[in-house]
Every structure is written in structure tokens, then in C-alpha cells.
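Chemist: Take a look and give me a structure for this.
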Amino acid sequence: MSIPLQQWLARQPYTQITDSDRYYTQLANRIYTLVKTSPLKHWPNDESVKSLCCDITGYFADILSGTGLWAAFLSHHRSLYGRTLPFFHTENYYDEEVNRDDVRVLLWYLLCTHDTLHEVLSPLDNDLIETTDRIYDLLESEYETAPDSPLLQEFCLPELNETDDPDARYRFAEWLFWDSFLLGPSNRSLARQLLHEVHGKPYSDKEKLNQLDKLRRESLYTLPAGPLALFAHEWVSLLWQHTFPEEPEGPKELHPYYLQFTQSTGGAPIKYIATYAELDRFLTQEMQWGETKGGHLPHLARKKNFVLYVTPYKGMLIASEVAQCINDPANPCYNPEQARREAVSLLTYPGRCPIDLLIYLCSHDLLTDACFADGDHRLVTDNWDFIARCLLQDYYRAV
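Modeler: Coordinates of the predicted model:
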């Protein structure tokens, strides 16, 4: 088999081998055959194909075993957006069963997590749809006879666990974050990065293991994961408590930049500036920062197409090389041709656009040119927040 049993087992939260694991390994190999002969040609290497097949099989095992990972994703997506899934109208959707649109969304998400890809495919890409339909037909044909996974149920189901035990919650969160089909794909690049970082240090083998464990633990506590960019404790809460812990908000004071900025713009929280010279003049005169040798923010001296955005409590942010993408009557830098090529990258390229600004732009329908290669602007307009969560991850949660 192209995908050995141990590769499937390495993703599971247990080490025993059961008949269901043998079945799921065989199913992963059947999916592998379908993917390798599909019209999709976006794979950098064979290992990434095998990884994807194990993740799709993980989805199938989750549905059959009722362990709730996909159900938690659906539940929170519904609470955020008022509909079952992104991109597709799910009129005949069956909870707790395998659905064609599930597989379409899942495959799109898995493709997006491969950091070697340079272009984000449209969820409606013809080759992607054809491939997912082949996979769905296979899973549907196996649905009535496929076994569940009792060891997965034993590990995941809240009624079979001490959910108030911090150690049990940590073990569950650790598996979710690094190895589950739902969160693991968004962290595989990070896992390789941490491993490379540790092995590049002059540590003993024991020190390397300890350092790697420390870095992985820090990541688990500080980084979001999965298609909704939730933190591990939030996923655990969805699965085991079904509520998020409340985060108390401290008192807020109006930021002084907010008043100064809005006074200079006639109340608008956003301003577009074409050149660095204009930017420096605005900061010096309108923001009253005063003259300074070499200009303010000299690291931006070679940049252009600036957007300044101010919020009442955070102050002012400055983004460069993005104003050309923003279709605002007040924006003299808007370039429709560039916007058609680049606007979607504000949603898909981490760090290209600060998230506070991105939310403002999309909420006010100012990224009208943002689209995938299929040219469907409405698809992005209707799903921009999900796309940003899924692809920006910790940059999205930096709000």
C-alpha cells in the first residue's frame, strides 16, 4: 500500500492497532488512487497527497464514530454566519452524515494549508469539484458498512472522559492541535519549522526533545488553528463544554490618535495617501508629530499606496502597497486593473493587510474586485470572513 498502517496510526490519539484502523488505512489508499488520477495537479510531492488522504479519511472516521470534530466546526460556523457551510447552499444537508459539500470544503481547506502552493484555488474550481465528487462517491458507497473507531470514541467523547481534569483537557487539545484532521493541517508547516529549529541547535538528544516539547506547548497555548482560527482551548470548549470561557474586558480609554486623526479627516477613520512624502507631511502637520530629520517612519520610504486607519481604542495603523486595491470614492490610489489581480491577496496572504483594516474594508464592501481565478466576486464577498480566518490564522486573531 502507498499509505502504510503506521502513517494512519501516527495521526491517532492511541497506539493500539484495531481492525477499524486497518480498514481506514485501506480506505485512505483508495482515496489516494482517486486523487493521484484526478485532474488536480497542485501537489508539490507525493507525501502531501498521502497526508491529504489521511485527513479526508479522518473526517470519515469522525462522522462514523460520532466524535464531533466536524460537528463542532459546523456548529460554530452556523453561530458565526447563520449558515451550515461556506461557499455552498446546503439545502439538503444531513447532520452527522457524510455530505458532498463537506468534502468540497474540506478538500479546499486542505489544499490551502500547503505552504508550497502559490495560488489559492477557488472552492468552485472545476478540477477540485470533480476530485471531491469522486471522493464523496467512494465515501457514500462505504457509509453503511464502514466500522466506527472505538478507541477514537474513547479518547474524544466527553462522557467517556474526565473533562474537568486539566491533564485530560491538555492531552485532548494537544492531539486536536497537531494531529487531528481538522486542526492538524493548519499546523503541519509549523511542526516542521519547530523541528528544524531545534535540530539546528547544538543540543543533546534529550535537550532537543525538551526544547521541542517546550516550543510545541507554547504554540498550543498561543496560536489559533483550524478553518475557523480558534485557539485550542476554544475547540476543546466547543467539543467538551459547548461554550467559550468569557474573556473579561478592562476599561477602555479613547486613544489620542483617534481624535487627532478624525479631526484632520473630517470624521473619516480612513485616509489614502499615494507617496511617502505625502505620508510624512500628513504625520508632521495633520497629526502634529512635528519635524524630524530623515522623516517619520523611514523604513517606509520606498513604499507607496498607503492606507491609514484609526480605531477609537487602538490608535492608528499604516498599511503600504494596498491602497490600489480599495474601491472607495475617496481613494485616489485605486487602480481597477491592479485590484483585479491583487485584492484577494489581502484575504489570503498573512501580513499583507492588518486585520482591523481588512475587517473595515470588507464590512464596507470596499474590496469589490477581490476574487479567485474563477472571477466570482460574490463568492468572496459572501465568505470573506471565513476565508480570512482560514488563511490568515494568527494574523486574523490579532484583532
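Chemist: Is residue 3 in a helix, a strand, or coil?
Modeler: In terms of secondary structure, residue 3 is coil; the call rests on DSSP: H, G, I helix; E, B strand; the rest coil.
Chemist: Just the C-alpha atoms of stretch 58-77, please, in PDB.
Modeler: Output of stretch 58-77 as PDB, limited to C-alpha atoms (Å, rounded to 0.1, in the frame of the first residue of the first chain):
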ATOM      1  CA  GLY A  58     -10.000  11.200   9.400                       C
ATOM      2  CA  TYR A  59     -13.200  13.200   8.600                       C
ATOM      3  CA  PHE A  60     -14.900  10.000   7.600                       C
ATOM      4  CA  ALA A  61     -13.900   8.200  10.800                       C
ATOM      5  CA  ASP A  62     -15.100  11.300  12.800                       C
ATOM      6  CA  ILE A  63     -18.500  11.200  11.200                       C
ATOM      7  CA  LEU A  64     -18.900   7.400  11.600                       C
ATOM      8  CA  SER A  65     -17.700   7.400  15.200                       C
ATOM      9  CA  GLY A  66     -19.700  10.500  16.200                       C
ATOM     10  CA  THR A  67     -16.700  12.100  17.800                       C
ATOM     11  CA  GLY A  68     -17.800  15.600  17.000                       C
ATOM     12  CA  LEU A  69     -14.900  17.400  15.400                       C
ATOM     13  CA  TRP A  70     -16.700  18.200  12.100                       C
ATOM     14  CA  ALA A  71     -19.900  18.800  14.100                       C
ATOM     15  CA  ALA A  72     -18.100  21.400  16.200                       C
ATOM     16  CA  PHE A  73     -16.900  23.200  13.100                       C
ATOM     17  CA  LEU A  74     -20.400  23.200  11.700                       C
ATOM     18  CA  SER A  75     -21.900  24.400  15.000                       C
ATOM     19  CA  HIS A  76     -19.600  27.400  15.300                       C
ATOM     20  CA  HIS A  77     -19.800  28.300  11.600                       C
END
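Chemist: residues in contact with that stretch?
Modeler: 11, 20, 24, 27, 83-86, 95-98, 102-103, 106, 139, 142-143, 146-150, 152-153, 156-157, 176, 180-182, 226-228, 230, 235, 238-239, 242, 386 (CB atoms under 8 Å, 6 or more residues apart in numbering). C-beta here means a position set from N, CA and C on the backbone, and glycine is covered the same way.
Chemist: try 6 Å this time
Modeler: Counting contacts by CB atoms under 6 Å, 6 or more residues apart in numbering, the residues outside stretch 58-77 that touch it are 24, 98, 106, 139, 146, 148-149, 152-153, 156, 181-182, 228, 238-239.
Chemist: so for that stretch, what's the average pLDDT?
Modeler: Here stretch 58-77 scores 97 as its mean pLDDT.
Chemist: Tell me the buried residues in it?
Modeler: Within stretch 58-77, the residues scored as buried using 16 or more other CB atoms under 10 Å are 58-65, 67-77.
Chemist: Stretch 184-196 too?
Modeler: Burial within stretch 184-196, assessed by neighbour count using 16+ other CB under 10 Å, is assigned to 184-188, 190-191, 194.
Chemist: can you give me the mean pLDDT across it?
Modeler: Averaging pLDDT along stretch 184-196 gives 93.
Chemist: for stretch 361-374, same thing?
Modeler: Over the span of stretch 361-374, the pLDDT mean works out to 96.
Chemist: same check, this time on stretch 223-236
Modeler: Along stretch 223-236, the predicted confidence averages to a pLDDT of 96.
Chemist: contacting residues around that stretch?
Modeler: Contacts made with stretch 223-236 from outside it, assessed by CB under 6 Å, 6+ apart, are listed as 76, 109, 169, 172-173, 176-177, 182-183, 186-187, 220, 244, 389-390, 393-394, 396-397.
Chemist: Please list only the buried members of those residues.
Modeler: By neighbour count, with 16+ other CB under 10 Å, the contacts of stretch 223-236 hold 76, 109, 169, 172-173, 176-177, 182-183, 186-187, 220, 389-390, 393-394, 396 as buried.
Chemist: Looking at those, which are in helices?
Modeler: Of the buried ones among the contacts of stretch 223-236, the ones assigned to helices by DSSP state H are 76, 109, 169, 172-173, 176-177, 220, 389-390.
Chemist: mind checking pLDDT for the residue nearest to residue 252 when sequence neighbours are not counted?
Modeler: Excluding the flanking residues, the one nearest residue 252 by CB to CB, 6 or more residues apart in numbering is residue 313, at 4.7 Å. What the model reports as pLDDT for residue 313 is 92.
Chemist: Tell me, how many residues neighbour residue 313?
Modeler: By the measure other CB atoms under 10 Å, the count of residues near residue 313 is 9.
Chemist: That one and residue 253 touch, don't they?
Modeler: No - the pair residue 313 and residue 253 does not pass the contact test of CB atoms under 6 Å, sitting 7.2 Å apart.
Chemist: Identify the residues contacting residue 120.
Modeler: Taking CB under 6 Å, 6+ apart as the definition, contacts of residue 120 comprise 112, 348.
Chemist: still on that earlier bit, could you dump the ones in helices among the buried ones among the contacts of stretch 223-236 to a markdown table with distance to residue 377?
Modeler: What follows is those, written out as a markdown table (distance: CB to CB, whole Å):
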| residue | distance to residue 377 |
| --- | --- |
| 76 | 26 |
| 109 | 21 |
| 169 | 43 |
| 172 | 40 |
| 173 | 38 |
| 176 | 35 |
| 177 | 34 |
| 220 | 37 |
| 389 | 19 |
| 390 | 18 |
